[in-house]
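J.: Okay, sequence plus prediction incoming.
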Amino acid sequence: MAGLHPARAAHGRTAALAVGALVLNALVWGVSWWPFRQLQDHGLHPLWATALMYLLIVAGLLAVQFKAWRGFAAHPQLWLLGLAAGLTNIGFNWAVTVGDVVRVVLLFYLMPAWSVLVAWLLLGEKPTAASLFRLLLAMSGVLIVLKAPGSAWPLPQGAADWLAIAGGFSFAVTNCLLRKFADAPGNTCMLAMFGGSGLMATLAALLGMSLQVVPGPALQAAGIPVLLGLSLAFMASNAALQYGAARLAAGATAIVMLTEILFASGSAAALGAAQFTPRILLGGSLIVLAAVLAATAPSAKE
């Protein structure tokens, strides 16, 4: 049997590494709820954990790419990217710490549906019949997930639901802004997102303290390794995301990223942090189907 052409073999290895990198990124995000809950048990609210984690990441980034901050002079609009990324992390990290993990992740992954509306507003991309169908499909799934027994209307049932929905919407805004500011240096965009996440989480934590909703940071010594490990994991996951996304089509990237739902669901089921009811499974299936259709749409394959 003839062997593979060297170029094809190299391309296959590159694609396999890219997929592996994206799976690693999805794994980190999918199981991040556990260290966030550990940090809360060690006296650090998820807002403070997010703030400290991203400030550590910013320090690490500037240590190796100090000139990254200079890009802000030519692209001052990147503060909007930092704002959107910060709200994304506040919503997701807080929600997975206090809510049902699977429910939170499903509501967060409304992002492809929100992108239809956000891209229309920010990028001028008019919705197509197919994108509106995906939006309807995802929203139907959300209504099923939110319709609790004994509840007259399918409304968010608590803070975790609202945070997850807001986080997913902010994630859609973040992705659209990355496309809008595509001419900005990549390391400057990264600094804007990390710095914005750290700053926004700090401001939210301080506001929460003033309202007596968020306790002050009181991290115990046992939680320090968890915080450092989580920071390193997120740094590695971001590097993996950049490597994988740069070498695969956008549609393939989006499909692989959906494995985060599997990692979150599996880890939550193993540790008893989620409830799997027929309603959640049905609604979740519609949300995931909408995301898969968005990922396999012609524009996503470019």
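T.: Looks like it arrived, so ask away.

J.: Could you list the low-pLDDT ranges of the stretch 51-200 of the chain?
T.: Along the stretch 51-200 of the chain, the parts satisfying pLDDT under 70 run over 152.

J.: Would you map the helices across it?
T.: Per DSSP state H, counting those that start in this stretch, the stretch 51-200 of the chain carries helices over the ranges 71-74, 78-98, 101-108, 111-123, 129-146, 159-180, 186-210.

J.: quick one, which of the ones you listed is packed in tightest?
T.: helix 101-108 (a mean of 27; mean count of other CB atoms under 10 Å). In this view, the C-beta of every residue, glycine as well, is placed from N, C-alpha and C.

J.: who does it touch, helix- and strand-wise?
T.: helix 78-98, helix 129-146, helix 159-180, helix 259-270, helix 278-295 (3 or more CB pairs under 8 Å, 6 or more residues apart in numbering; DSSP states H and E).

J.: just to revisit the earlier point, what's the closest of the helices of the stretch 51-200 of the chain to L293?
T.: helix 129-146 (5.1 Å; CB to CB).

J.: Compute the inter-axis angle for the closest one and helix 101-108.
T.: With axes from the mean of the first three to the mean of the last three CA atoms, to 10 degrees as the basis, helix 129-146 and helix 101-108 are set at 150 degrees to each other.

J.: and for helix 129-146, what are the contacting residues?
T.: Outside of helix 129-146, the residues within contact range by CB atoms under 8 Å, 6 or more residues apart in numbering are 103, 106-107, 110, 112-113, 116-117, 127, 154-157, 161, 279-280, 282-287, 289-291, 293-294, 297.

J.: ok now do the residue nearest to G86 when sequence neighbours are not counted, which residues does it touch?
T.: Closest residue to G86 apart from its sequence neighbours, by CB to CB, 6 or more residues apart in numbering: M200 at 2.6 Å. Residues in contact with M200 (CB under 8 Å, 6+ apart) are G82, L83, A85, G86, L87, N89, I90.

J.: before we move on, back to that, can you lay out the helices of the stretch 51-200 of the chain as TSV showing distance to H42?
T.: Formatted as TSV, these follow (distance: least, CB to CB, whole Å):
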stretch	distance to H42
helix 71-74	35
helix 78-98	12
helix 101-108	19
helix 111-123	30
helix 129-146	31
helix 159-180	20
helix 186-210	16
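
J.: Looking at these, which is nearest to D41?
T.: Closest to D41 of the helices of the stretch 51-200 of the chain is helix 78-98 (CB to CB; 10.2 Å).

J.: Against which helices or strands is that closest one packed?
T.: Using 3+ CB pairs under 8 Å, 6+ apart, the elements in contact with helix 78-98 are helix 33-41, helix 46-64, helix 101-108, helix 159-180, helix 186-210.
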